[in-house]
Every structure is written in structure tokens, then in C-alpha cells.
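**Q** need a 3D model of the following:
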Amino acid sequence: MRSKAAKLIVWAIVVGILAELLRRLSERELATSEPPATAAAPESARAAAPESPPAAAQESGRASRAELYEEAKRRGIPGRSRMSKAELEQALSEGT
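**A** Now for the predicted structure:
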């Protein structure tokens with residue numbers, strides 16, 4: 001049977017490993033999180049801007065997941081990196 005000191009050392013190692021994993025996960029989430037929202041463009045600028053190719057492809061039903069993802073990124077849809085193609089299509093259609 002292990003001594004109390006050995007058990008404490010094992011637990012300290014386990015806690016250290018878990019803390020490091022949590023730190024790495026937090027860094028990864030921060031790296032993929034969206035920057036704070038900025039002021040929206042004036043209505044005239046939005047109306048004058050041509051429709052982006054991913055949006056056009058998405059409306060016609062021919063968009064790839066990558067195109068849908070880029071459109072979701074442009075619109076600032078949260079959780080997009082974990083969404084499937086169908087989920088991205090749904091989120092984009094709800095956002096319009």
C-alpha cells in the first residue's frame with residue numbers, strides 16, 4: 001500500500017495535468033472566439049454593398065460547408081465552428 005506522501009504526490013501530478021489541459025483549452029477557445037462587435041455599418045453602405053459569393057451560393061443551395069462557415073463568420077454567428085453544414089444553413093436562414 002502506498003504511503004500518504006506518495007498518494008499526495010500522485011494527486012498533485014494529476015491536478016497539475018488537469019490544470020494544464022484546462023489552460024490549453026481556454027487559450028484555444030480564446031483564439032477562436034470572436035472579437036467584440038463594432039459599430040454596424042450605415043444602412044446606405046449595406047444597401048450599396050454587393051452580395052458576397054457565399055451568401056449567393058447559400059441562397060441557391062449550392063454552398064459548401066466552408067462557404068457557409070465563412071458567411072456565418074461574416075455575420076458573427078456564435079458556435080459556428082462546431083456546426084454541421086445543415087446547422088450552418090439553419091443558423092444563416094434564421095439570421096436573415
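
**Q** from here on, just use CA atoms for contacts and neighbour counts.
**A** Noted.

**Q** low pLDDT regions in this structure?
**A** Within the chain, the set of residues satisfying pLDDT under 70 comprises 1-2, 29-61, 96.

**Q** in the chain, which spans are helices?
**A** For the chain, applying DSSP state H gives helices covering 4-32, 43-48, 53-60, 65-75, 85-94.

**Q** can I get the ones you listed in a markdown table including mean neighbour count?
**A** Output for those, formatted as a markdown table (neighbours: other CA atoms under 10 Å):
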| stretch | mean neighbour count |
| --- | --- |
| helix 4-32 | 11 |
| helix 43-48 | 9 |
| helix 53-60 | 14 |
| helix 65-75 | 17 |
| helix 85-94 | 16 |
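
**Q** contacting residues for residue 7?
**A** Residues near residue 7 by CA atoms under 8 Å, 6 or more residues apart in numbering: none.

**Q** so it versus residue 79, what's the distance?
**A** According to CA to CA, to the nearest Å, residue 7 and residue 79 sit 40 Å apart.

**Q** likewise for residue 3?
**A** Distance from residue 3 to residue 79, by CA to CA: 47 Å.

**Q** do the same with residue 26
**A** Taking CA to CA, one finds residue 26 at 15 Å from residue 79.

**Q** then residue 89?
**A** Going from residue 89 to residue 79 by CA to CA gives 13 Å.

**Q** just residue 22 next, same as before
**A** For residue 22, the distance to residue 79 equals 19 Å [CA to CA].

**Q** quick check on residue 83: phi, psi?
**A** The phi/psi pair for residue 83 (degrees, to the nearest 10) reads phi -90, psi 150.

**Q** how many residues are close by residue 84?
**A** Neighbourhood size, residue 84 [other CA atoms under 10 Å]: 13.

**Q** got the phi and psi for it?
**A** Dihedral angles (degrees, to the nearest 10) for residue 84: phi -80, psi 170.

**Q** quick check: domain ranges of the chain?
**A** According to automatic domain parsing, the chain comprises the domains 1-31, 51-96.

**Q** related to what we said a few turns ago, residue 3 and residue 79: who's more crowded?
**A** The residue with more neighbours, out of residue 3 and residue 79, is residue 79; 14 against 7, by other CA under 10 Å.
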